[in-house]
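A.B. asks: Here is my input; please provide its structure:
(one chain, ligands or ions: 1)
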Amino acid sequence: MNINSVPHKPVLPQEVCDAFADLKEGIIVDCTLGYGGHSTLLLERLPGIELVGIDQDATAVAFSRRRLAHFGERVDILHGRFSEMIHRVDSTKIRGVLADIGVSSLQLDDPSRGFGFSADTLDMRMSETTPLTARDVVNGYDQASLERIFREYGEVRGARRVAELIVRRRAKKAFESAKELADFLAQHLKGGKIHPATLVFQAIRIEVNDELGELRRLLQTIYDLRLSNATVAIISFHSLEDRIVKSTFKRWAKSCICPPEAYRCTCGNDHAYGKIVTKNPITAGEQELAENPRARSAKLRLFRTNP
Ligand SMILES: C[S@@+](CC[C@H](N)C(=O)[O-])C[C@H]1O[C@@H](n2cnc3c(N)ncnc32)[C@H](O)[C@@H]1O
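C.D. replies: Coordinates of the predicted model:
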């Protein structure tokens, strides 16, 4: 792939750079390196920092290795899940963690990956080592499990009916491609402004890649590492993810961890990991929305750990 034609536009580029603007040295871990959009901006604007980029997608890693090669020793790229790979970084040097959770435009647009409505496979794995595929979920999960993921991860209206329709149809013939599934859903569901299959596809993708589990594990690891003076920046695209980030940051900022029914504080009142920087999430401005529709649902939350 030509590194001069970058297949993915980073969301909230200015806001991400602003979040780390005061960094003179140390390591930023870009947990979702993708096509190196955010990483390039950070390396260009912050000449004193080093960057560790992580991605579980081999295509993204190969692309970014080439795109970031001219930064030389300042960059280290790790292929794997962020919740596992972040342990390989010297935590005493980490001054920033960025995660831009979700799929990249290339993953969505590449028909062989099975993320898009016209794809001829039913895969949706971000990493080829993930054991579960979309095909396993759609053709193998029982009706109650399908209903649960549609409701929880897709907030699909009429989740029960959609699960039932899929189960009935696959009893006659298994779904073989994303296109087949998308066309089937389009025949039976109303979509409004979006394709009728959008939320069902989102739910299946979240399940296949265990996206919420990964986010929870990443946040737990960031806490366990007891990073000092570090900015944690998480961009999410889904209300459930944003809720996880928001409640975790809230918990991290709590100084007193006594049970609510305690008569007086006995915990020492010094348990805060740091401070919430963004009371409300940062979202894209009008100009970015006009140029990059993917930014529509992006929410950036920032936390700063104690010195
Ligand atoms: C939205 S894209 C990131 C785009 C990137 N910020 C850029 O500017 O090019 C998300 C990337 O995160 C990766 N990803 C998602 N979950 C991951 C995880 N648990 N571990 C490692 N990489 C993950 C995906 O493979 C995808 O390439």
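A.B. asks: When you work out contacts or count neighbours from here on, use the C-alpha atoms and nothing else.
C.D. replies: Noted.
A.B. asks: who's in contact with whichever residue of the stretch 151-300 of the chain sits closest to the ligand?
C.D. replies: In the stretch 151-300 of the chain, the residue that lies nearest the ligand is Glu214 (5.1 Å; CA to the nearest ligand atom). By CA atoms under 8 Å, 6 or more residues apart in numbering, the contact set of Glu214 is 81-83.
A.B. asks: Neighbour-wise, which one of those leads?
C.D. replies: Among the contacts of Glu214, the one with the most neighbours (other CA atoms under 10 Å) is Phe82, at 24 neighbours.
A.B. asks: Quick one: residues contacting the residue nearest to that residue when sequence neighbours are not counted.
C.D. replies: Nearest residue to Phe82 in three dimensions, chain neighbours excluded: Cys31, at 5.5 Å (CA to CA, 6 or more residues apart in numbering). The contact partners of Cys31, by CA under 8 Å, 6+ apart, come to 52-55, 82, 86, 97-100.
A.B. asks: do the same with Glu147
C.D. replies: 159-160, 162-163.
A.B. asks: who wins for most neighbours among those?
C.D. replies: Result: Ala163 is most packed of the contacts of Glu147 (other CA under 10 Å), 23 neighbours.
A.B. asks: Work out for me the element that residue sits within.
C.D. replies: Taking DSSP states H and E as the definition, one finds Ala163 inside helix 159-172.
A.B. asks: and Val97, helix, strand or coil?
C.D. replies: strand (DSSP: H, G, I helix; E, B strand; the rest coil).
A.B. asks: ditto for Val52
C.D. replies: Three-state call for Val52 (three-state DSSP): strand.
A.B. asks: Surely it touches Glu73?
C.D. replies: No. Between Val52 and Glu73 there is no contact under CA atoms under 8 Å: 10.5 Å.
A.B. asks: more neighbours, these two?
C.D. replies: Per other CA under 10 Å, whichever of Val52 and Glu73 has more neighbours is Val52, with 22 against 9.
A.B. asks: who does that one bridge with?
C.D. replies: Val29, Asp76 (DSSP bridges).
A.B. asks: Just the strands from the stretch 151-300 of the chain, written as ranges.
C.D. replies: Secondary structure of the stretch 151-300 of the chain (DSSP state E, counting those that start in this stretch): strands located at 231-236, 274-276, 299-305.
A.B. asks: Tabulate those strands (JSON lines), appending distance to Ala262 and mean pLDDT.
C.D. replies: Shown next, in JSON lines, are the strands of the stretch 151-300 of the chain (distance: least, CA to CA, whole Å; pLDDT from 0 to 100):
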{"stretch": "strand 231-236", "distance to Ala262": "31", "mean pLDDT": "98"}
{"stretch": "strand 274-276", "distance to Ala262": "23", "mean pLDDT": "97"}
{"stretch": "strand 299-305", "distance to Ala262": "27", "mean pLDDT": "98"}
